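Participant: can you look at this prediction? I've put the sequence above it.
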Amino acid sequence: MLEQIRNIGIIAHIDAGKTTTTERILFYTGLTHKIGETHDGESVMDYLPYEKERGITVTSAATSCRWKGCNINIIDTPGHVDFTAEVERSLRILDGVVVIFCGKGGVEPQSETVWRQADKYKIPRIAYVNKMDAIGANFFSVVEQLRNRLGANPLVLTLPVFDNDDFTGVIDLLGMRMLTFGGASGTTINAAPVPDEYAEQAEEWRLKMVEEIAATDEELLELYSSDEPIPVELLKKTLRSNTLAGQIVPVVCGSSYRNIGVQPMLDAIVDYLPSPLDVVPAKATENGREIEFEVAPDKPFAALVFKIVTDRHVGKLAFARVYSGSLKAGSHIYNSNKDKKERVGRLVRMHANHREELEAVSAGDIVALIGLKDVTTGDTLCEEGRGILLEAIEFPEPVIQIAIEPKTQSDQSKISEALGRLCAEDPTFKLSYNKETGQTLIAGMGELHLEIITERLSREFKVDFNIGQPEVAYKETITAEAEHNFRYVKQTGGKGQYAHVVLKTEPGEGFKFTSNIVGGAVPKEYIPAIQAGVRQALEDGVLKGYPVVDISVTLLDGSFHEVDSSEMAFRTAALLCTKECLRKARPQLLEPVMKLEVTSPEEFTGNIINNINNRRGRLQSMEIINNTQIIRGFVPLAELFGYSTVLRSNTQGRAVFSMEFSHYEENHNI
């Protein structure tokens with residue numbers, strides 16, 4: 001039953017406790033019989049060797065469990081900014097999310113990023129304030145940060161209970177009872193009356209909760225106004241509809257590591273997060289016409305591939321979300337992006353790195369398909385004869401690159417194949433070749449991202465290689481309009497080459513090519529070749545050889561020769577003409593700028609600010625929380641290599657920082 005399915009993600013800032021929470025969910029739902037701890041390298045969800053060693057999540061892992069009659073498909077995502085693409089593609093296919101916040105750290109930089117990503121896809125969410133057992137944890141401060149920094153409308157459903165500063169349980173405001181978690185690993189839930197010392201606080205917060213919910217429903221408002229008792233089920237029903245509409249974010253608290261408060265969070269997932277029937281139907285086009293899917297197993301099949309994983313035992317695993325229809329193992333499907341028919345060999349449900357064989361899948365399922373040969377992230381799979389294209393997934397551009405070269409000739413072919421496979425898996429990992437230096441360049445989202453990539457090359461693909469120092473992935477753009485008239489003529493004794501184009505370039509957003517040719521001055525069959533030549537010219541800019549972005553190119557005029565003109569001639573003419581236009585259009589170098597957040601004791605504030613200014617940075621804001629100064633600003637990535645060492649020495653090792661990509665902006669210093 002579709003009503004009993006919850007497709008959810010666990011998202012948060014790094015170290016907020018996503019994987020630890022997921023491990024508890026698997027344990028309490030009976031999927032595992034032992035809790036795996038991240039710090040011991042024993043967690044089910046962090047199954048890759050480099051995840052176990054570092055104690056962090058690098059790739060999103062999928063699993064499935066049951067709670068109170070519902071099938072919950074869970075994707076545990078990375079918290080590190082370098083792997084934000086894993087969050088992006090997971091959110092694209094999920095129906096709801098649990099956003100985890102650290103009770104001490106509150107809303108941290110990556111918390112804001114994942115929240116904005118959830119906003120982008122309009123995904124209903126609940127907030128789980130974790131680590132309430134930590135020294136300095138402040139539940140009510142985090143709730144205020146949700147309101148002030150994220151613009152959310154948080155609604156508190158549980159309150160933390162302390163006994164001599166030890167976090168011991170939670171107060172369920174809907175049932176007005178205290179819950180403690182005993183037995184082996186918190187499996188026994190004990191309900192008791194609210195302790196006297198918490199009675200007044202609990203009444204106050206329950207009143208706030210009821211008022212907030214009642215204000216959105218006429219029936220509830222009438223009961224509340226006349227002091228009639230309000231049924232808990234009616235409160236839950238109204239809260240659910242508000243959560244689905246994105247108007248309210250239910251907030252629960254706990255400590256996953258101490259096994260406190262996880263089951264109420266699971267209840268909130270079932271009670272308030274959407275089933276596939278509750279969300280806006282997926283956008284798609286069929287043969288160029290916009291359509292909306294009806295989520296039902298008996299409709300035509302359609303699914304979106306959101307992740308590719310290379311498995312040495314079974315080959316390519318294509319993770320897909322089924323939006324409509326059903327599919328049996330061994331049947332044929334059509335890849336509408338590639339215009340290819342393929343056979344699905346096997347269907348499996350993933351439990352991290354363990355596979356459960358399935359005979360068939362249907363609407364609402366998240367599964368992995370085995371046997372597809374030519375499939376990439378973002379492809380739409382459907383029935384043959386239907387040109388359905390689901391809305392694609394957008395990924396950020398890489399900001400850092402390094403040169404890589406094999407140590408021996410035998411490693412040359414191995415490294416090419418390995419890099420090709422990694423590119424297919426990770427849309428934010430890019431491969432390029434520098435013609436001037438002859439070097440192969442790999443680009444990613446940060447130093448950790450490239451570190452993991454090179455580690456995989458060595459461990460999984462057994463390749464020996466040398467790597468260079470990390471470099472910033474600059475881009476180029478133009479700041480003025482320019483026009484150039486170019487005639488390409490080449491006589492070689494036999495058939496010559498002739499092409500004539502007049503191009504205009506101007507600043508724009510992204511890349512846009514327009515043809516204003518009328519009257520057949522340039523035959524239609526040569527227009528694609530001209531566009532290809534323009535694109536080729538933009539791959540290597542005229543300043544430093546970096547790709548050119550945010551440009552609009554218009555073909556104004558041209559001419560051709562009946563005998564000597566060819567696609568190759570027009571492509572070459574367009575390439576050379578575009579280069580001339582770029583030189584005339586006041587080209588400008590763009591550099592990636594990072595959003596930096598430094599948390600430090602107050603006495604080091606002056607040193608930190610001076611250092612940020614020296615690095616061409618600019619301050620955005622400063623605030624004091626619990627005697628700790630939080631400094632936020634924007635600094636070019638080029639200035640942040642080695643920043644951790646400098647920050648440690650400037651603050652006696654007492655400050656920490658985090659950074660994430662913000663935007664590209666002009667660089668006038670190069």
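Facilitator: Structure's in. What do you need?
Participant: just the strands in the stretch 501-650 of the chain please.
Facilitator: 511-515, 551-559, 587-601, 618-625, 628-636 (DSSP state E, counting those that start in this stretch).
Participant: packing partners for the third one?
Facilitator: Spelled out, that is strand 587-601. Packed against strand 587-601 by the contact rule (3 or more CB pairs under 8 Å, 6 or more residues apart in numbering; DSSP states H and E) you find strand 475-478, helix 605-614, strand 628-636, strand 656-666. For the C-beta atoms, the positions are set from N, CA and C on the backbone; glycine is no exception.
Participant: returning to what we had before: looking at the strands of the stretch 501-650 of the chain, which is closest to residue 146?
Facilitator: strand 618-625 (14.2 Å; CB to CB).
Participant: tabulate the strands of the stretch 501-650 of the chain (TSV), appending distance to residue 360, mean pLDDT and mean neighbour count.
Facilitator: Output for those, formatted as TSV (distance: least, CB to CB, whole Å; pLDDT from 0 to 100; neighbours: other CB atoms under 10 Å):
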stretch	distance to residue 360	mean pLDDT	mean neighbour count
strand 511-515	42	94	15
strand 551-559	48	95	19
strand 587-601	46	91	20
strand 618-625	52	89	12
strand 628-636	50	92	18
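Participant: between those strands, which one is nearest to residue 244?
Facilitator: strand 587-601 (31.0 Å).
Participant: strands paired with the closest one, and their directions?
Facilitator: In the sheet, strand 587-601 lines up against strand 475-478 (antiparallel), strand 628-636 (antiparallel), strand 656-666 (antiparallel) (DSSP bridges).
Participant: and the first one, how far out from the chain's middle?
Facilitator: Put simply, strand 475-478 sits 26 Å off its chain's centre (CA atoms, centre = their mean, to the nearest Å).
Participant: C-alpha coordinates for that strand, CSV please?
Facilitator: What follows is strand 475-478, C-alpha atoms only, in CSV (Å, rounded to 0.1, in the frame of the first residue of the first chain):
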residue,chain,number,x,y,z
LYS,A,475,36.7,30.1,-14.9
GLU,A,476,36.6,32.9,-17.4
THR,A,477,33.8,35.2,-18.6
ILE,A,478,33.3,38.4,-20.7
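Participant: remind me what the helix or strand just after that strand packs against, helices and strands.
Facilitator: Of the helices and strands lying after strand 475-478 in sequence (DSSP states H and E), the nearest is strand 482-490. On a contact count with 3+ CB pairs under 8 Å, 6+ apart, strand 482-490 meets strand 497-507, helix 567-584.
Participant: and with 10 Å instead?
Facilitator: Using 3 or more CB pairs under 10 Å, 6 or more residues apart in numbering; DSSP states H and E as the contact test, the elements touching strand 482-490 are strand 497-507, strand 551-559, helix 567-584.
Participant: pairing partners for it, with directions?
Facilitator: strand 497-507 (antiparallel).
Participant: ok, now how distant is residue 183 from residue 162?
Facilitator: According to CB to CB, to the nearest Å, residue 183 and residue 162 sit 21 Å apart.
Participant: who has more neighbours out of the two?
Facilitator: A direct count of neighbours by other CB atoms under 10 Å for residue 183 and residue 162 places residue 162 higher, at 14 against 10.
Participant: before I go, just wanted to say thanks for your time.
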